[in-house]
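S.K.: need coordinates for the below:
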Amino acid sequence: MAQSKTQIVGEVINGFPVAGVVTASGFSGDGSQLFGVSGFATAFSSDLANAGSQVYKTSDSLHVGAGTSVNITSDAESGNLAFTRANEITVATGATFTVGAGTTLTFNVLGVF
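M.R.: Numbers count the residues shown, from 1 in each chain. Okay, here's the model as predicted:
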């Protein structure tokens with residue numbers, strides 16, 4: 001596959017569509033429109049100058065809603081381990097939560113609950 005390089009000097013106003021991988025020496029912005037990124041928790045402030053941006057909150061429970069099916073199966077490459085920051089998982093009526101054979105699921109990995 002041919003590769004090309006594009007250098008942009010200044011600000012991109014109407015976007016710069018890219019298919020594939022984007023690498024950069026840095027990215028800026030709050031990341032609020034990113035997809036497929038799991039978060040750690042919710043900061044009390046999005047202002048990086050505010051100490052609240054370094055203090056977080058998160059629910060102690062993970063809820064699996066009715067009609068939802070979740071299958072957690074790890075692999076040998078990951079030591080057959082899976083983990084969650086939640087202290088408990090509640091499964092609604094009509095939902096299923098399955099931990100695959102050979103997978104060990106550990107709760108409260110941050111040790112905050």
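
S.K.: any idea how far residue 7 lies from residue 44?
M.R.: 39 Å (CB to CB, to the nearest Å). C-beta: built from backbone N, CA, C; applies to glycine.

S.K.: more neighbours, those two?
M.R.: When residue 7 and residue 44 are compared for neighbours, residue 44 comes out ahead with 14 against 4, by other CB atoms under 10 Å.

S.K.: for the more buried one, which non-adjacent residue is spatially closest?
M.R.: residue 52 (3.6 Å; CB to CB, 6 or more residues apart in numbering).

S.K.: could you report the neighbour count for that neighbour?
M.R.: Neighbours of residue 52 (other CB under 10 Å): 12.

S.K.: residue contacts, it?
M.R.: 43, 44, 45 (CB atoms under 8 Å, 6 or more residues apart in numbering).

S.K.: apply 10 Å and report the result again.
M.R.: 43, 44, 45, 46 (CB atoms under 10 Å, 6 or more residues apart in numbering).

S.K.: select from those residues the entry with the lowest predicted confidence.
M.R.: Minimum pLDDT across the contacts of residue 52 is recorded for residue 46, with 84.

S.K.: ok, so what distance separates it from residue 86?
M.R.: Applying CB to CB to residue 46 and residue 86 gives a distance of 23 Å.

S.K.: which of the two has more neighbours?
M.R.: Per other CB under 10 Å, whichever of residue 46 and residue 86 has more neighbours is residue 86, with 18 against 12.

S.K.: what strand or helix carries that one?
M.R.: If you go by DSSP states H and E, residue 86 is not part of any helix or strand.
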